[in-house]
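A.B. asks: test case, fold it:
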Amino acid sequence: MTLPVAVDAMGGDRAPGEIVAGARAAAELGIDVVLVGPPEQLEDTGDLEIIPASEVISMDEDVGQAVRRKKDSSLMRAAEAVRDGKALAMVSAGNTGAAMGSALLRMGRLKGVIRPAIATPIPNLVSHPTVLLDAGANAECTAAMLVQFAQMGSAYSSARYGTTEPTVALLSIGEESSKGSPLVKETHEALKTTTGFRFTGNVEGRDLLHGVADVVVTDGFTGNVTLKTLEGSLRFFMDALIGVIGADDETKKAGDVLLPHLAPLAETFDPEGVGGAMLLGVDGVCVISHGSSSARAIVSAVRVAHDLATGGLVDRLAQVVRPT
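C.D. replies: Numbers count the residues shown, from 1 in each chain. Next up, the predicted model:
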């Protein structure tokens, strides 16, 4: 019997209702799921098993204190289920820092990994999504950490998208190797001599949506700002487009013609279908979904978590990371 994916039922802005609904929908697709949370607060769970947890880590809590003080939180119990071999993977749409802290404390770090990183798929119109990391786990990084991010991101891209020779680029303020901060310049030189992937040089923020590389690495501060900027820009563009289409009778007629063609494009860039971000570097599969995740987003996250766990992602990561 296949182990289930542990879903933090209390994580996210729309918990527990949308999370439970998503978990049930994933189970209907044939993926074994176990919910983690206070049983008395989870309504309409159907036949899903529940791992009891009496505490919840909210989105605005201090991460360091919360993960140590709330040992019976839904996040900690989900991570324990993976550690103890009771679940294949964990999924949460809750506090990102707390999800990372819980996974680190309970699952532990893979041997040789300096710091885990959050890998986020960035959709494009060229090929499969580009993996951006770190997307927020480590505000300050060293060149050695960024090299490991490249190694782990390449393994993740291969496992999830089937890339056979992943290309890796370094996010900077110019394509020239002479541009960028001291960290970027040092990392650029280190990546040129690292094996296991093909380093293609520096890329700029404007290149991310064009599929310029399978993996783009940066520090967590820059990565998170970049990710949020992309999300906001895409949302602005879609809102502006909808506003124009509904402005008058003429634009509405044009919209009737265009919308069938725009819908697949909107689907491509919809974060609900991406499946969430992956925490790379811990000894287990941990998928962190968007804080406003709907049931549909949870289904995507559960599917990704199941596929990566059964596909041996953690073993791949352990093989590619070079201790420093």
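
A.B. asks: A190: neighbour count?
C.D. replies: A total of 17 residues lie near A190 under the criterion other C-beta atoms under 10 Å. (C-beta placed from N, C-alpha, C; glycine too.)

A.B. asks: do E175 as well
C.D. replies: If you count neighbours by other C-beta under 10 Å, E175 ends up with 13.

A.B. asks: quick one: it and R206 touch, right?
C.D. replies: No - E175 sits out of contact with R206 when judged by C-beta atoms under 8 Å, with a separation of 10.9 Å.

A.B. asks: ok, which stretches of the stretch 1-150 of the chain are helices?
C.D. replies: Per DSSP state H, counting those that start in this stretch, the stretch 1-150 of the chain carries helices over the ranges 17-28, 63-69, 74-83, 96-107, 143-161.

A.B. asks: most packed of those helices?
C.D. replies: Mean neighbours per residue, mean count of other C-beta atoms under 10 Å, is largest over the helices of the stretch 1-150 of the chain for helix 74-83, with a mean of 27.

A.B. asks: can you give the distance of the helix or strand of the chain with the lowest mean pLDDT from its chain's centre?
C.D. replies: When the helices and strands of the chain are compared on mean pLDDT, DSSP states H and E, helix 249-268 comes out lowest with a mean of 79. Chain-centre distance of helix 249-268: 29 Å, with C-alpha atoms, centre = their mean, to the nearest Å.

A.B. asks: skipping adjacent residues, who's closest to H128 in space?
C.D. replies: Closest residue to H128 apart from its sequence neighbours, by C-beta to C-beta, 6 or more residues apart in numbering: Y161 at 4.1 Å.

A.B. asks: for T194, same thing?
C.D. replies: With C-beta to C-beta, 6+ apart as the measure, V147 is the residue that lies nearest to T194, at 5.6 Å, once sequence neighbours are left out.

A.B. asks: go ahead and confirm the one you found touches T187.
C.D. replies: Yes - with contact taken as C-beta under 8 Å, V147 and T187 are classed as touching, separated by 6.8 Å.

A.B. asks: returning to what we had before: how about the next helix or strand after the least confident helix or strand of the chain as CSV, C-alpha atoms only?
C.D. replies: Once helix 249-268 ends, the next helix or strand along the chain (criterion: DSSP states H and E) is strand 277-280. Once side chains and other backbone atoms are set aside, the C-alpha atoms of strand 277-280 remain, and they are given as CSV (Å, rounded to 0.1, in the frame of the first residue of the first chain):
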residue,chain,number,x,y,z
ALA,A,277,7.1,25.6,-4.3
MET,A,278,9.4,22.8,-3.2
LEU,A,279,11.7,23.0,-0.2
LEU,A,280,15.0,21.4,-1.4
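
A.B. asks: on contacts alone, who are the packing partners of strand 277-280?
C.D. replies: Contact here means 3 or more C-beta pairs under 8 Å, 6 or more residues apart in numbering; DSSP states H and E; on that basis strand 277-280 packs against helix 96-107, strand 117-122, helix 143-161, strand 285-288.

A.B. asks: out of those, nearest to D270?
C.D. replies: Of all those, it is strand 117-122 that lies closest to D270, at 12.0 Å by C-beta to C-beta.

A.B. asks: that older thread, so the residue nearest to H128 touches P123, yeah?
C.D. replies: No - Y161 is not in contact with P123 according to C-beta under 8 Å; the separation is 11.8 Å.

A.B. asks: list the residues that contact both of these two?
C.D. replies: The overlap between the contact sets of Y161 and P123 (C-beta atoms under 8 Å, 6 or more residues apart in numbering) consists of P129.

A.B. asks: pLDDT below threshold where in the chain?
C.D. replies: Within the chain, the segments meeting pLDDT under 70 span 1, 266-269, 271-272, 322-324.

A.B. asks: domain boundaries for the protein, per the record?
C.D. replies: As recorded under automatic domain parsing, the domains making up the chain are 1-113+281-324, 119-273.

A.B. asks: buried deepest among those, which one?
C.D. replies: Highest mean neighbour count among the domains of the chain (mean count of other C-beta under 10 Å): domain 1-113+281-324, with a mean of 21.

A.B. asks: off-centre distance for that one?
C.D. replies: The gap between where domain 1-113+281-324 is centred and where its chain is centred comes out at 12 Å by C-alpha atoms, centre = their mean.

A.B. asks: excluding its backbone neighbours, what's nearest the residue nearest to the spatial centre of the chain?
C.D. replies: Nearest to the centroid of the C-alpha atoms of the chain, with distances taken as C-alpha atoms, centre = their mean, sits A277, at 0.3 Å. When the adjacent residues along the chain are set aside, A277 lies closest to T120, with 4.3 Å between them (C-beta to C-beta, 6+ apart).
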